[in-house]
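[1] Dropping the sequence and predicted coords here.
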Amino acid sequence: MKQTFLSIAFLSLAFSGYAQKYEFQSIKDIACTPVISQGSTGTCWSFSSTSFLEAEIIRITGKKIDLSEMYNVRHTYPKKAWNFIMRQGHAQFGEGGLNHDVINSAREFGLVPDVAYSGLVGNADKLDHTKMVAEIEKVVKWYSNPEKKLEPKWKDEVTVILDKYMGQDVTEFTYETKKYTPKTFLEMTKLNLDDYVTITSFTNEPYYSKFILDIPDNFSNGSFYNMPLDEFVANIDNALDKGFTVALDADVSEKTFSGRNGIAVIPENEADEKAILTEIKPEKKITPEYRQQEFENFNTTDDHLMHIVGKVRDQAGSIYYKVKNSWGTKNVGNDGFVYMSVPYLRLKAISVLVHRDALVKKTKKQLGL
C-alpha cells in the first residue's frame with residue numbers, strides 16, 4: 001500500500017513537471033533606463049539602440065541620461081529618402097532601420113537628451129508617425145520617377161514634413177545648466193562610437209568575414225561580422241557576464257513570442273504553442289543548418305529590435321535572456337521585459353550590436369578587432 005502511494009506521488013510529481021507555471025529568478029541584471037513605448041511608430045531600431053547607448057553611458061560614467069530616440073530618427077529619414085530616390089524607387093522606404101543607423105547618425109550629427117528633442121509637437125503626448133511617413137513616401141515616390149527631372153527641392157519638402165510632425169532640428173540646447181551642441185553633448189557622454197560592432201551567424205557567408213546582410217531594413221548597407229552559431233551565443237553570454245548590454249535585432253513574428261506574457265520560446269512540439277506561453281515545455285534544439293533554413297525560407301525575418309540587459313532562470317534551471325522591449329509597460333508581462341529562451345535566441349536573433357571589448361578574446365583575434 002505504501003509502495004503504491006509513493007508510485008502515485010512520483011507520477012503526479014512527474015506530470016506536474018510538464019505543467020509548471022513559470023517562476024523566474026534573476027541571475028544577472030545590468031543597469032539600464034526604464035521601459036518606454038515607441039508609440040505608433042516603426043522606430044524600434046532607434047529605441048533599441050538608444051537604450052543600449054544609455055546603458056553604455058551608465059557603464060562608462062555612472063550617469064543616467066534619457067537620450068532622445070527621435071533626434072536620430074529625424075536625421076535618418078533624409079538618408080532613407082536619398083537612398084530611395086537615387087535608386088529610382090528600387091529600394092525599400094519605410095519606418096524600419098537597424099542598430100548601426102543610430103550609430104551612423106550619432107557619429108555624424110551627435111546626440112541630444114530627450115528634454116531637448118522629444119519629437120512631439122503641439123499638444124501631442126504620444127508618438128505617431130503614420131501620417132508623416134505617408135507624406136514623405138508620397139514625395140520620394142514622385143521624385144524617384146526617372147521620367148521626371150530630379151530637382152534638389154525634394155530635400156526641402158522632406159524637411160518641411162519632418163518639421164511639421166517631429167519639430168525643427170535642434171542645434172544648441174541647455175542641459176543641467178550647461179550649453180551644448182549635439183556634438184559636444186556626445187563628447188560629454190564619453191561614448192566612442194567606433195567601439196561598437198555588429199555580429200551575427202549565417203552559413204551562407206564565410207565565418208570570421210565581414211559582409212553586408214541582405215535584409216530589407218539594411219538600406220544603409222551596414223556590415224556584419226559573421227561567426228559560428230555557438231560562438232555567436234557565447235559572445236552574447238560573455239558580454240552580459242562582463243557587465244555589457246547587447247542591442248538585439250530579432251524575429252518576433254512567432255506565435256510563441258508574446259509581449260503580453262513576457263516570454264519568447266521555441267516549443268519542441270507544435271501542439272505546445274499555446275501552453276508554452278505560461279508553462280514549462282520542452283524546447284527545440286537549434287542547429288546552424290536549421291537556423292539558416294528558417295532564414296532562407298523567410299520564417300525568420302528582421303522584425304523588431306530590442307535590448308538585452310540581463311538573464312533569468314526558471315525553476316527547472318533553464319536560462320532566459322532579459323530583453324528590454326519598447327512596447328511600454330501597460331498590458332504586457334514582466335513589466336515590459338521579455339524573457340527569451342536560449343533556443344529562441346539561437347533561431348531568431350538576426351544580429352546583435354555590442355562593444356568590441358565585450359567579445360571573447362578568441363573572437364576578437366579572429367575578426368582582427
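    Received, thanks.
[2] okay, CA-based contacts and neighbour counts for the rest of this
    Will do.
[3] residue ranges of the helices in the stretch 201-350 of the chain, please?
    For the stretch 201-350 of the chain, helices defined by DSSP state H, counting those that start in this stretch occupy the ranges 229-241, 288-296, 342-348.
[4] Could you list every helix and strand that the first one packs against?
    Spelled out, it's helix 229-241. Counting contacts by 3 or more Cα pairs under 8 Å, 6 or more residues apart in numbering; DSSP states H and E, helix 229-241 is packed against strand 246-250.
[5] which ones are touching the residue positioned nearest the centre of the chain?
    The structure's the chain has its C-alpha centroid closest to residue 305; by Cα atoms, centre = their mean the separation is 2.2 Å. Contact analysis of residue 305 by Cα atoms under 8 Å, 6 or more residues apart in numbering lists 44, 45, 47, 48, 98, 99, 247, 248, 249, 250.
[6] in the stretch 51-200 of the chain, which ranges drop under the pLDDT threshold?
    Along the stretch 51-200 of the chain, the model assigns pLDDT under 70 to no residue.
[7] what about the helices in it?
    With DSSP H, counting those that start in this stretch as the criterion, the stretch 51-200 of the chain has helices spanning 69-86, 99-109, 130-143, 153-166, 182-189.
[8] Between the ones you listed, which one is closest to residue 61.
    Distance to residue 61, taken as Cα to Cα, is lowest for helix 182-189 among these, at 7.5 Å.
[9] Sort out which residues of the lengthiest strand in the chain are buried, please.
    In the chain, taking DSSP state E as the definition, the longest strand is strand 304-314. Neighbour-count burial for strand 304-314 flags 304, 305, 306, 307, 308, 309, 310, 311, 312, 313 (criterion: 16 or more other Cα atoms under 10 Å).
[10] what's across from the first one in the sheet?
    To tie it back to what came earlier, the one meant is residue 304. Beta-bridge partners for residue 304, by DSSP bridges, are residue 250.
[11] Next, the contact list for it, please.
    Under the criterion of Cα under 8 Å, 6+ apart, the neighbours of residue 304 are 44, 45, 249, 250, 251, 252.
[12] Kindly report the same for the fourth one.
    Counting by Cα under 8 Å, 6+ apart, residue 307 touches 48, 49, 51, 52, 245, 246, 247, 248, 323, 324, 325.
[13] Find me whatever residue is spatially closest to it, sequence neighbours aside.
    residue 247 (4.4 Å; Cα to Cα, 6 or more residues apart in numbering).
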